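Q: make a model of this:
(2 chains)
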Protein chains: 2
Amino acid sequence: MAAASTSLGLAQAAGQAGGEPGQGPRAGRTLRFRQAVVTATAALAGPTEGRGPLGGAFDEVLPDHLLGEASWERAERKMLARAVERLAAKEGLRVTDYDVLLAGDLLNQTVASSYAARDLDLPFLGLFNACATFAEGLGLAAALCELGACRRAVVAVSSHHDAAERQYRFPTELGNQRPPTAQWTATGAVAVAVAREGAAPALARLEAFTPGRVVDLGVRDPFHMGAAMAPAAADTLAVHLGDLGRGPDAYDAVCTGDLGRVGLALVRRLLREAGVDLPHLEDAGVQLYDPRHQDVHAGGSGAACSALVFAARLLPRLRAGGRRVCLCGTGSLHSLTTYQQGESIPGIAHAVSLAAVEAS
Amino acid sequence: MAAASTSLGLAQAAGQAGGEPGQGPRAGRTLRFRQAVVTATAALAGPTEGRGPLGGAFDEVLPDHLLGEASWERAERKMLARAVERLAAKEGLRVTDYDVLLAGDLLNQTVASSYAARDLDLPFLGLFNACATFAEGLGLAAALCELGACRRAVVAVSSHHDAAERQYRFPTELGNQRPPTAQWTATGAVAVAVAREGAAPALARLEAFTPGRVVDLGVRDPFHMGAAMAPAAADTLAVHLGDLGRGPDAYDAVCTGDLGRVGLALVRRLLREAGVDLPHLEDAGVQLYDPRHQDVHAGGSGAACSALVFAARLLPRLRAGGRRVCLCGTGSLHSLTTYQQGESIPGIAHAVSLAAVEAS
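A: The predicted model follows:
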């Protein structure tokens, strides 16, 4: 018997999580940072992602899914390591100039990250919150930099369509038919440099992070992950905005990642019902592909999806005269085993707010 | 082709990682904390672990491996949630009085932690560094508390012998024969409360954390994990002691977890060769079982192994008049897929030093 124990309770959640306003860097459940910045990004996209609307904004579009390796899993690891190397090159640093690597991916035992960490030779803290791992990493890296525990941290994530497909669902070569609610795991790897202010010129200030709680309303269909994750996204966004005392006007863009079209419609509805008005809410899974010529069904997913959109669209919008953006990374915390054992799919979402360097 | 790209280079590693002594809380690669403490632990051990030398020191010895559930995976999740509930009860708190849960386990997509987090309804940051996840969690929780981002954090880990066995190796019911170098995945779940000083009476001060880099000397045998992890343990211990300018005399106990007998002999030798003398080095995998009547071959392993020994032996030794102890959690970062694809097994180790409350 699978449980669906967590009610949503958006209204109650906001601002309730035991914070003491004014004491330390917390406001409710949300951490506020004063000295954490993003200094660079490096985004490597798969061939399909490269043909999408953001294709021109990635640092590199990969020619194929194998990169000369014998397996998709090895290719994913190579992508992730290459993203970090590219990041260091963009900053004019050696890879080992970074103090720590916070990384995760979707492969069992997060082996893309672990083997990439071996090849990069950096102190390594492995993370896993499925497709919310990128937002989790940004929050933890910001905390470490804010504390002064790091001068420079790298947050890196990857996902690989073919490797994920055969691990979570069916043999990839089978080309199994998928229902319209299904999402397409993105192929890509993204590395982001988070630093303590002053360590390097900043692209944006990392100003707040709300770690999400796990919400499960009982969806059991792994081809319906947008619906499984939408309640968590609504919960975290409501808390994030409530803790910071902000309305939608405070943001140039608020982007969930990666609910797809089905999940985006659901999170809008859940927020509306909870009295949170976010008319311009976007979703990374919707933005990564062009539905006119790329049939990925409900949209993109995968740990790299929200990170690719962050690097290629959200951060550039902030840089192009924006004031503030928010990424609410979403993750679906099931495994093949829990699916086969009849469990429902718990969702999680972590929200990160970024501000223009001039603003404060 | 599996790579073994990382050389050990202990001597060079110590103190080299770019730290600026005197600036902020870093010394080399090591983070130093002034306001992070451990306030409580709750350790639930499996039946076999309960019959071992530490059986009397656990908060609860589980009667069987299923706990009334239909699968080992569900039992593991239940254990983990129960450990956190027990921790809150010991502190006279509600579970939701904790600000955040940092947790991880060995199941694919760390589903024991994710589903437990759902049932506990706490903000959740998922971690994965295999059996080094517990030490990773202590370090990150200490950083969050030091920063004031948390008043109280829970670090929780679990492992389940039967669930791990069938996931990583063979169907558990097969009772497959194992070579003498093999280790026994411990069944258990441990939750530890890490707090900012002053939030609650402290059991110990969390004074320093060294995140480890991934070391891989080419071991490919998943029945020889002690050998795969020993180089990482030697690397991290040498850096930890070097960064802190400490010799073995500074510690009442230094404990790796979980190398087993084979790995412990190897790490002693590697450290000796690097000029680091740690004659009283112990290992959690050696201490959890009694070889006179428990044939677990080379010793224990599993994410819960080092956490069980931390709660039942290392922390009590500090409390019984000790001055300082160090846990160097070790993890083997392979998966079934990497093994089947012929890859070597990368190891990682994170070191945490704890001091008596009186000392400073």
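
Q: pLDDT weak spots in the stretch 101-250 of chain A?
A: In the prediction, the stretch 101-250 of chain A carries no residues with pLDDT under 70.

Q: what helix or strand does residue A:190 sit in?
A: Using DSSP states H and E, residue A:190 sits within strand A:188-196.

Q: partners of that strand, with directions?
A: When pairs are called by DSSP bridges, strand A:188-196 turns out to pair with strand A:36-45 (antiparallel), strand A:152-159 (antiparallel).

Q: now the ones you listed in CSV, with mean neighbour count?
A: The C-beta positions use only the backbone N, C-alpha and C, and glycine is treated the same way. CSV is the format used below for these (neighbours: other C-beta atoms under 10 Å in any protein chain shown):
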stretch, mean neighbour count
strand A:36-45, 26
strand A:152-159, 31
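
Q: at the contact with chain B, which residues of the stretch 251-360 of chain A appear?
A: A:333-338, A:341, A:343, A:346, A:348 (C-beta under 8 Å from any C-beta of the partner chain).

Q: what's across from the closest residue to residue A:232 other than its chain neighbours in the sheet?
A: Nearest residue to residue A:232, sequence neighbours excluded (C-beta to C-beta, 6 or more residues apart in numbering or on different chains): residue A:347, at 3.7 Å. For residue A:347, the beta-bridge partners under DSSP bridges are residue A:215, residue A:332.

Q: circling back to that earlier point, adding distance to residue B:99, write the strands paired with strand A:188-196 out as CSV.
A: Output for those, formatted as CSV (distance: least, C-beta to C-beta, whole Å):
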stretch, distance to residue B:99
strand A:36-45, 19
strand A:152-159, 21
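
Q: can you say which of those strands is nearest to residue B:86?
A: Residue B:86 lies closest to strand A:152-159 among the strands paired with strand A:188-196, at 33.6 Å (C-beta to C-beta).

Q: beyond that closest one, next helix or strand please.
A: Counting by DSSP H and E, what follows strand A:152-159 is helix A:161-168.

Q: who touches whichever helix or strand comes after that next one?
A: Following helix A:161-168 in sequence order, the next helix or strand is strand A:184-185 (DSSP H and E). Applying C-beta atoms under 8 Å, 6 or more residues apart in numbering or on different chains, the external contacts of strand A:184-185 come out as A:48, A:106, A:159-161, A:164-165, A:168, A:289, A:296-297, A:299-302, A:305.

Q: nearest to residue B:276 among these?
A: Distance to residue B:276 across the contacts of strand A:184-185 (C-beta to C-beta) is lowest for residue A:106, with 38.0 Å.

Q: distance check, the closest one against chain B.
A: According to C-beta to the nearest C-beta, to the nearest Å, residue A:106 stands 8 Å off from chain B.

Q: now swap in residue A:43 and tell me
A: 23 Å.

Q: so what's that residue up against?
A: Neighbouring residues of residue A:43 by C-beta under 8 Å, 6+ apart: A:57-60, A:83, A:188-190, A:307-308, A:311-312.

Q: one more time with 6 Å, if that's ok
A: A:58-59, A:190, A:308, A:311-312 (C-beta atoms under 6 Å, 6 or more residues apart in numbering or on different chains).

Q: got a winner among those residues for most neighbours?
A: residue A:308 (35 neighbours; other C-beta atoms under 10 Å in any protein chain shown).

Q: tell me the two of the residues of the stretch 251-360 of chain A next to chain B that are most distant?
A: Across those (C-beta to C-beta), the longest gap, 19.7 Å, separates A:341 and A:348.

Q: more neighbours: the two, which one.
A: Using other C-beta under 10 Å, the more surrounded residue of residue A:341 and residue A:348 is residue A:348, with 34 against 14.

Q: if I pick the more buried one, what's in contact with it?
A: So residue A:348 contacts A:129, A:132, A:212, A:214, A:232, A:331, A:333 (C-beta under 6 Å, 6+ apart).

Q: one more time with 7 Å, if that's ok
A: Neighbour list for residue A:348: A:129, A:132, A:212, A:214, A:232, A:331, A:333, B:124 [criterion: C-beta atoms under 7 Å, 6 or more residues apart in numbering or on different chains].

Q: rewinding a little: mind checking which of the contacts of residue A:43 are in helices?
A: residue A:308 (DSSP state H).

Q: burial count for the residue lying closest to residue A:297 once chain neighbours are set aside?
A: Closest residue to residue A:297 apart from its sequence neighbours, by C-beta to C-beta, 6+ apart: residue A:182 at 4.8 Å. Per other C-beta under 10 Å, the neighbour tally for residue A:182 reads 23.

Q: residue A:182 reaches residue A:296, doesn't it?
A: No - in this structure, residue A:182 is not within contact of residue A:296 by C-beta atoms under 7 Å, at 8.6 Å.

Q: and residue A:330, how far from residue A:129?
A: 9 Å (C-beta to C-beta, to the nearest Å).

Q: tell me which of those two has more neighbours.
A: A direct count of neighbours by other C-beta under 10 Å for residue A:330 and residue A:129 places residue A:330 higher, at 38 against 33.

Q: wait, residue A:270 sits on residue A:230?
A: Yes - using C-beta under 7 Å, residue A:270 is in contact with residue A:230, at 6.3 Å.

Q: so those two - more neighbours on which side?
A: The neighbour count for residue A:270 versus residue A:230, taken as other C-beta under 10 Å, is higher for residue A:230 (30 against 20).

Q: ok, and the closest non-adjacent residue to the more buried one?
A: Distances taken as C-beta to C-beta, 6+ apart put residue A:266 closest to residue A:230, at 3.8 Å, once the chain neighbours are dropped.

Q: which element is the one you found on?
A: Here residue A:266 is assigned to helix A:260-273, by DSSP H and E.

Q: now what about that helix, what contacts it?
A: Applying C-beta under 7 Å, 6+ apart, the contact partners of helix A:260-273 are A:181, A:183, A:226-227, A:229-231, A:233-234, A:237-238, A:256, A:259, A:278, A:281, A:283, A:285-286, A:298-299, A:301.

Q: not counting sequence-adjacent ones, nearest residue to residue A:61?
A: Spatially, and ignoring its direct neighbours in sequence, residue A:61 is nearest to residue A:50 (3.1 Å; C-beta to C-beta, 6+ apart).

Q: the one you found: neighbour count?
A: Neighbours of residue A:50 (other C-beta under 10 Å): 18.

Q: measure it to chain B for me?
A: Distance, residue A:50 to chain B, using C-beta to the nearest C-beta: 26 Å.

Q: pLDDT score for that residue?
A: The model reports residue A:50 with a pLDDT of 98.

Q: would you mind measuring from it to residue B:62?
A: Applying C-beta to C-beta, the value for residue A:50 to residue B:62 is 51 Å.
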